[in-house]
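# take a look and give me a structure for this.
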Amino acid sequence: MTLDAYLETAATTALASAGTYLRESAVQAEVDTSTKLPAPFIIVGDYTTNTARASSRTDSATVSLYFADSRKGQGDSPEAHHAAVARMAALKRRFLAALDAYPLAQVEGIRATPFDGFYSAELDGVGVQFTLTVPAVALC
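Next comes the predicted model:
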């Protein structure tokens, strides 16, 4: 499996058919989250893979994801914001558990930060960054 495949499979598992996984640019994600697709969203943009040397048996990348839910029509209610952050923190835990189900994948250095008003679509949730390492054998 590729790094993308690990991320997509974990996202699909975590969402359980109730939301949207987006692997695209921030500009396109803003359009899609504001007009077309159902919330909640797991959004991952571009990332750079890191390989220590040519003979390395692993590929790794520092990945940034956004677990976001819409608050359209709810205004700036602190209660709505905190509820969205709590829902997206739970979605983040399901996503990380799905990645953890693959013994060949390593997830390290997880950092999570709540956010509000992401994009013009008024999304609230949790931004997460971590390093994902996958053995090169799995990439064949």
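
# tell me the buried residues in the helix or strand harbouring Glu108?
With elements taken from DSSP states H and E, the one containing Glu108 is strand 106-118. Of the residues in strand 106-118, Gln106, Val107, Ala112, Phe115, Asp116, Phe118 count as buried by neighbour count, 16 or more other C-beta atoms under 10 Å. C-beta here means a position set from N, CA and C on the backbone, and glycine is covered the same way.

# now Pro78: how far from Ala112?
Separation of Pro78 from Ala112 (C-beta to C-beta, to the nearest Å) stands at 20 Å.

# report the central residue of this protein.
Leu65 (3.3 Å; C-alpha atoms, centre = their mean).

# sec struct for that one, please.
What DSSP: H, G, I helix; E, B strand; the rest coil gives for Leu65 is strand.

# next helix or strand past the lowest-mean-pLDDT helix or strand in the chain?
When each helix and strand of the chain is scored by mean pLDDT, DSSP states H and E, helix 26-35 comes last, with a mean of 69. Downstream of helix 26-35, the next assigned helix or strand under DSSP H and E is strand 41-44.

# adjacent strands (with direction) for that following strand?
Sheet partners assigned to strand 41-44 using DSSP bridges are listed as strand 20-23 (parallel), strand 58-70 (antiparallel).

# residues contacting stretch 113-127, please?
Stretch 113-127 has contacts (C-beta atoms under 8 Å, 6 or more residues apart in numbering) with 26, 29-30, 33-34, 39-41, 64-72, 80-81, 84-85, 87-89, 92, 112, 128.

# may I have the distance across stretch 95-105, first residue to last?
13 Å (C-alpha to C-alpha, to the nearest Å).

# give me the mean pLDDT for it.
What stretch 95-105 shows for mean pLDDT is 92.

# now do it: distance to the chain's middle.
With C-alpha atoms, centre = their mean, to the nearest Å as the basis, stretch 95-105 stands 13 Å off its chain's centre.

# for Gly117, see how far away Thr48 is.
27 Å.

# ok, Val31 - contacts?
By C-beta under 8 Å, 6+ apart, the contact list for Val31 is empty.

# what of Pro103?
Contact analysis of Pro103 by C-beta under 8 Å, 6+ apart lists nothing.
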